[in-house]
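*Asks:* Have a look; sequence and predicted model below, questions after that.
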Amino acid sequence: MAHVQVEPLYPSHLADLPVAEFMDKLPTLDAALAEKAAAAAAEGKVLRYVADVSFEGRGKLTVGLQAVPASSPLGTLTGSDNLVEVRTERVYRDAPLVLRGAGAGAESTAAGVLSDMIGARRRGSGIVN
């Protein structure tokens with residue numbers, strides 16, 4: 001994990017705030033994000049939060065906000081959809097293999113959290129009272 005480069009969506013000084021205070025501070029980030037979005041749009045691009053894995057050399061993993069072409073598979077994502085794009089040196093260099101589908105979304109995420117809470121309660125873990 002020491003070799004993973006992560007650009008968080010919000011500054012680290014907000015990370016440890018209580019939820020209510022964190023939510024109150026979020027609007028202070030709007031102007032900078034709007035500026036990035038406008039710069040991307042001027043180039044025909046959109047912003048996406050991307051995990052990029054490269055196996056060249058020793059390999060690397062970067063995670064962060066990127067401007068991608070609006071017409072690209074990643075650029076056309078909407079809602080909670082997810083996408084994995086595979087490029088290889090030979091077969092998928094010019095035309096990547098794209099796996100795209102529904103992400104968890106609000107309902108699936110809520111159901112998963114509720115299921116975890118019920119399971120924790122049933123196991124008597126003390127996590128949920």
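*Replies:* Looks like it came in fine. All figures in this text were calculated on a predicted structure; none of them were measured in a lab.
*Asks:* So what pairs up with Val46 in the strands?
*Replies:* Judged by DSSP bridges, the bridge partners of Val46 are Val68.
*Asks:* quick one: contacts for it?
*Replies:* The contact partners of Val46, by CB atoms under 8 Å, 6 or more residues apart in numbering, come to Ala37, Ala40, Ala67, Val68, Ala70, Gly75. (C-beta placed from N, C-alpha, C; glycine too.)
*Asks:* give me phi/psi at the residue nearest in space to the middle of the chain?
*Replies:* The structure's the chain has its C-alpha centroid closest to Tyr49; by CA atoms, centre = their mean the separation is 4.5 Å. As for Tyr49, its main-chain torsions (degrees, to the nearest 10) stand at phi -90, psi 120.
*Asks:* ok, back up a step: separate out the buried members of the contacts of Val46.
*Replies:* Ala40, Ala67, Val68, Gly75 (16 or more other CB atoms under 10 Å).
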